[in-house]
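Asks: pasted the sequence and its predicted model underneath.
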Amino acid sequence: MNIQTIDLRGTLQDVASGWRAVASVRGLQFSERILDAELRVMGDPEALRRVISILLDNAFKYTPAPGGVVTLAAEERDGSALISVRDNGMGIAEEDQPRIFERFYRVDKARSRELGGAGLGLSIAQWIVQQHHGKIQVESALGAGSIFRVELPLAAASAQKELLTR
């Protein structure tokens, strides 16, 4: 990975701009709520783009139109950058949630084949987030949609932690 200090806002805005057209074609509403201040993290911009694209791809894939809404948000809280992708799609059953980050796991095998994919996206996203010393989690309910949250340490916070552990 090409780890460097980046302003995460730019990465998020770049990814979001590509998904606006997809939302229009698919008949979904797509909105962004990205903090107006810098969100500096130590990260690989391409890898983080991939994480956000995986989460948005899933949200768009499993949110039916018309009436489907997908939101990308980013904020700072307690020394971390918090990114969330929220949808009002079909949701994930509670019993499936612990396994969705496993390689090749698909919640509904037949539906996943129809929509494409090999069940690798979320495991790749989790690996990338872990390489950035972050966390990824899901909150979901069948028929009510999902919220995927990614937490990454801010650059200043991670540098400070490194100094304290020396």
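Replies: Structure received. Numbering: from 1, shown residues only.

Asks: work out for me the element residue 33 sits within.
Replies: Element membership for residue 33 (DSSP states H and E) is strand 29-34.

Asks: helices or strands up against that strand?
Replies: helix 8-26, strand 69-77 (3 or more Cβ pairs under 8 Å, 6 or more residues apart in numbering; DSSP states H and E). Any C-beta I mention is one placed from the backbone N, CA and C, and that applies to glycine too.

Asks: point out the other helices and strands that the helix or strand that that strand is followed by packs with.
Replies: The helix or strand immediately downstream of strand 29-34 is strand 40-43, counting by DSSP H and E. For strand 40-43, the packing partners by 3+ Cβ pairs under 8 Å, 6+ apart come out as strand 4-7, helix 8-26, strand 145-153, helix 155-165.

Asks: returning to what we had before: list the strands paired with the strand holding residue 33, with their directions.
Replies: strand 69-77 (parallel) (DSSP bridges).

Asks: quick one: contacts of the strand it pairs with?
Replies: 8-9, 12, 15-16, 19, 23, 28-35, 37, 39, 52, 56, 59-60, 63, 81-88, 154 (Cβ atoms under 8 Å, 6 or more residues apart in numbering).

Asks: export that strand as PDB, just CAs?
Replies: Once non-C-alpha atoms are left out, strand 69-77 reads as follows in PDB (Å, rounded to 0.1, in the frame of the first residue of the first chain):
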ATOM      1  CA  VAL A  69     -32.200   6.200  -0.900                       C
ATOM      2  CA  VAL A  70     -28.400   5.900  -0.400                       C
ATOM      3  CA  THR A  71     -26.400   8.300   1.700                       C
ATOM      4  CA  LEU A  72     -22.700   8.700   2.100                       C
ATOM      5  CA  ALA A  73     -21.600  10.600   5.200                       C
ATOM      6  CA  ALA A  74     -18.300  11.500   6.900                       C
ATOM      7  CA  GLU A  75     -17.600  13.200  10.100                       C
ATOM      8  CA  GLU A  76     -14.900  13.500  12.800                       C
ATOM      9  CA  ARG A  77     -15.500  12.100  16.300                       C
END
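
Asks: what's the angle from that strand to strand 145-153?
Replies: 30 degrees (axes from the mean of the first three to the mean of the last three Cα atoms, to 10 degrees).

Asks: in strand 69-77, what counts as buried?
Replies: Residues 69, 70, 71, 72, 73, 74, 76 are the ones in strand 69-77 that count as buried (16 or more other Cβ atoms under 10 Å).
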